[in-house]
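Undergrad: Sharing a model that was predicted from the sequence below.
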Amino acid sequence: MSSVLRPAVADEGLSTVGKYRPVSSHMAITPPVSVVIPAMNEAENLPYVFKTLPDWIHEVVLVDGNSTDNTVEVARELWPEVKVVRQRGKGKGDALITGFEAATGDIIVMVDADGSADGQEIVSYVSALVSGADFAKGSRFANGGGTDDMTPIRKLGNWALCTAVNRKFGARYTDLCYGYNAFWRHCLDKIDLDCTGFEVETLMNIRVVKAGLKVQEIPSHEYLRIHGTSNLRAVRDGLRVLKVILKERSNRRALRRRAPHSPMLDSVRGEVS
């Protein structure tokens, strides 16, 4: 975590080649960044996704959920060095876990394959991480963020679930169920992901708080899915998210009962700046 965004110096010579990746004409970055994209039948959307990805990222990991279209072929055409991983299980959570295991970067960025995320925002996430955050959490409702995709009922549900997490775990999130996030690899050792569905983002957000990791929200704009239909079902997946919240709360209480005098269990922080 000592790596930082730093000014690029033209006269440093060839010794820096491969060590620093230019972000702009004035900035360079040292830690390798992996972008993990879970995709199932997203061939039509991938051109929009890949064209926004910055060329300074270390690798793209595409997790193919047994697509029946030419998702994999399109990905390889757009990004010849793409690392394709075949998903063995089902669900977004399972796909992300598979992608995280395959990623080799120090920083991992989660990006949806439906064209709703702008890859140019990745620099904001990475900047937050190299400046000291452990987990950079995208928010559509932080100042500067927005969404073109959420219906009023989904906004209400997201607000209610977000409020529940803030109250039960001491977080200060403005958004909960959003899939555009980035984090240092070491976070995976502390959050131990074990779910398969769309509730994976909520589980991550809860467990980074429980682990006492430093979280910084990043304003992000969510665009409409370009082609196809989403597998998200508001009521079904909302209930799965609620189940995760209740389960994590119960686990936290159980741990406290087992070790009532442990100060570590009372020091959960929700550090959102």
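TA: Nice, thanks for sending it over.
Undergrad: what sits against the residue nearest the centre of the chain?
TA: Nearest to the mean C-alpha position of the chain, counting by C-alpha atoms, centre = their mean, stands Asn181 at 2.5 Å. The neighbours of Asn181, taking C-beta atoms under 8 Å, 6 or more residues apart in numbering as the test, are 109-110, 125, 135-138, 201, 204. To be clear about C-beta, it is placed using only N, CA and C from the backbone, and glycine gets the same treatment.
Undergrad: which residue ranges form the strands in the stretch 1-150 of the chain?
TA: Secondary structure of the stretch 1-150 of the chain by DSSP state E, counting those that start in this stretch: the strands cover 6-7, 21-22, 27-29, 33-39, 59-64, 83-86, 107-110, 135-139, 146-147.
Undergrad: Same list, those strands, but as JSON lines with distance to Asn251 please.
TA: JSON lines is the format used below for the strands of the stretch 1-150 of the chain (distance: least, C-beta to C-beta, whole Å):
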{"stretch": "strand 6-7", "distance to Asn251": "41"}
{"stretch": "strand 21-22", "distance to Asn251": "40"}
{"stretch": "strand 27-29", "distance to Asn251": "37"}
{"stretch": "strand 33-39", "distance to Asn251": "26"}
{"stretch": "strand 59-64", "distance to Asn251": "27"}
{"stretch": "strand 83-86", "distance to Asn251": "30"}
{"stretch": "strand 107-110", "distance to Asn251": "24"}
{"stretch": "strand 135-139", "distance to Asn251": "20"}
{"stretch": "strand 146-147", "distance to Asn251": "31"}
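Undergrad: so Lys168 is in which element?
TA: Here Lys168 sits within helix 152-169, counting by DSSP states H and E.
Undergrad: average model confidence for that helix?
TA: Averaging pLDDT along helix 152-169 yields 93.
Undergrad: Next, the angle from it to strand 135-139.
TA: Orientation note: helix 152-169 sits at an angle of 150 degrees relative to strand 135-139 (axes from the mean of the first three to the mean of the last three C-alpha atoms, to 10 degrees).
Undergrad: coming back round to it: looking at the strands of the stretch 1-150 of the chain, spot the one closest to Gly197.
TA: For Gly197, the closest of the strands of the stretch 1-150 of the chain is strand 33-39, at 11.7 Å, according to C-beta to C-beta.
Undergrad: For the closest one, give me every contacting residue.
TA: By C-beta under 8 Å, 6+ apart, the residues outside strand 33-39 that reach it are 46, 49, 53, 56-65, 67, 71, 75, 87, 92, 95-96, 99-100, 102-113, 119, 122, 126.
Undergrad: so how far is it off the chain centroid?
TA: Distance of strand 33-39 from its chain centroid, counting by C-alpha atoms, centre = their mean, to the nearest Å, is 9 Å.
Undergrad: Need the residues that contact the strand or helix carrying Asn205.
TA: In the assignment (DSSP H and E), Asn205 maps to helix 200-210. Around helix 200-210, the neighbours that count as contacts under C-beta under 8 Å, 6+ apart are 92-93, 96-97, 134-135, 137, 161, 165, 169-171, 173, 176-179, 181, 183, 187, 190-195, 215, 241, 244-245, 248, 252, 268-270.
Undergrad: For ChimeraX, what selects the buried ones among those residues?
TA: Selecting the buried subset of the contacts of helix 200-210 in ChimeraX, with 16 or more other C-beta atoms under 10 Å as the burial test, is done by:
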select :92,93,96,97,134,135,137,161,165,169,171,173,176,177,178,179,181,183,187,191,195,215,241,244,245,248,269,270
